[in-house]
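# coords please:
(one chain, ligands or ions: 1)
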Amino acid sequence: MSLYKIKKSNIDKNGRGLYATKNIKAGTKIIEYVGNIITKKQTENSDKFDNSKPIYLFNLNKRYDLDGNVPWNPARLINHSCSNNCEYEGTGLKIWVISNKEIKKGEEITCDYGFGYDSDYKQFPCKCKSINCCGFIIRTESRWRINKKFRKNSRISR
Ligand SMILES: [Zn+2]
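Numbers count the residues shown, from 1 in each chain. Got it, this is the predicted structure:
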């Protein structure tokens, strides 16, 4: 039985998300993040990746990237949350979505998109509404730049 199902997201009101179909322990492989393996050169030469925040593009190694923006990759529907319950973990040329805490049945499966802090961060508002939310999609380590309460030593956890 699959550990997730696809339904309308509570975070992205216009989109879909993945939801746990049962209680999931921390450290569980939930879904493989699949896509087309492409060379860095293809990435550089394609208009598809012009966006400064590569939402579906993962770095696999020095030569290859993974383009997950394909219809057969349900993991592309996973939304960002500032209190993410999963991480992307790469092993070789594969990327897995692995739980980093216990997930309850019915909870939305979320990751940290890992965006850096730069001048265009305001283009990517975050609506996860978690206690850790800084209002924008920015990786954990950079959230203190938006709000001092996210300074390293004062990280709030649920
Ligand atoms: Zn948030």
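
# which residues in the chain form strands?
4-8, 16-20, 29-33, 36-39, 57-59, 64-67, 79-80, 86-91, 94-99, 108-111 (DSSP state E).

# which residues touch the last one?
When contacts are defined by C-beta atoms under 8 Å, 6 or more residues apart in numbering, strand 108-111 is touched by residues 4, 9-11, 17-20, 30, 78-81, 83-88, 97, 99, 103, 128. Placement of C-beta: from N, CA and C, glycine included.

# So what's the gap between it and the chain middle?
8 Å (C-alpha atoms, centre = their mean, to the nearest Å).

# go on, the fourth one?
Taking C-alpha atoms, centre = their mean, one finds the center of strand 36-39 at 19 Å from the center of the full chain.

# buried sites along it?
Under the neighbour-count criterion of 16 or more other C-beta atoms under 10 Å, strand 36-39 has I38 buried.

# for that strand, packing partners?
strand 64-67 (3 or more C-beta pairs under 8 Å, 6 or more residues apart in numbering; DSSP states H and E).

# what lines up beside the strand it packs on in the sheet?
strand 36-39 (antiparallel), strand 57-59 (antiparallel) (DSSP bridges).

# pull the CA atoms of the longest one into PDB?
Coordinates of the C-alpha atoms in strand 36-39 are reproduced here as PDB (Å, rounded to 0.1, in the frame of the first residue of the first chain):
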ATOM      1  CA  ASN A  36      14.800  12.900 -16.400                       C
ATOM      2  CA  ILE A  37      18.500  12.800 -15.800                       C
ATOM      3  CA  ILE A  38      20.100  15.600 -17.800                       C
ATOM      4  CA  THR A  39      23.600  16.900 -18.100                       C
END
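
# which residues touch that strand?
With C-beta under 8 Å, 6+ apart, strand 36-39 has contacts from 46, 60, 63-67, 70, 93.

# Once you drop chain neighbours, what's closest to I6?
R16 (5.4 Å; C-beta to C-beta, 6 or more residues apart in numbering).

# Next: N147.
Of all residues not flanking N147 in the chain, C134 sits nearest, at 5.3 Å (C-beta to C-beta, 6+ apart).
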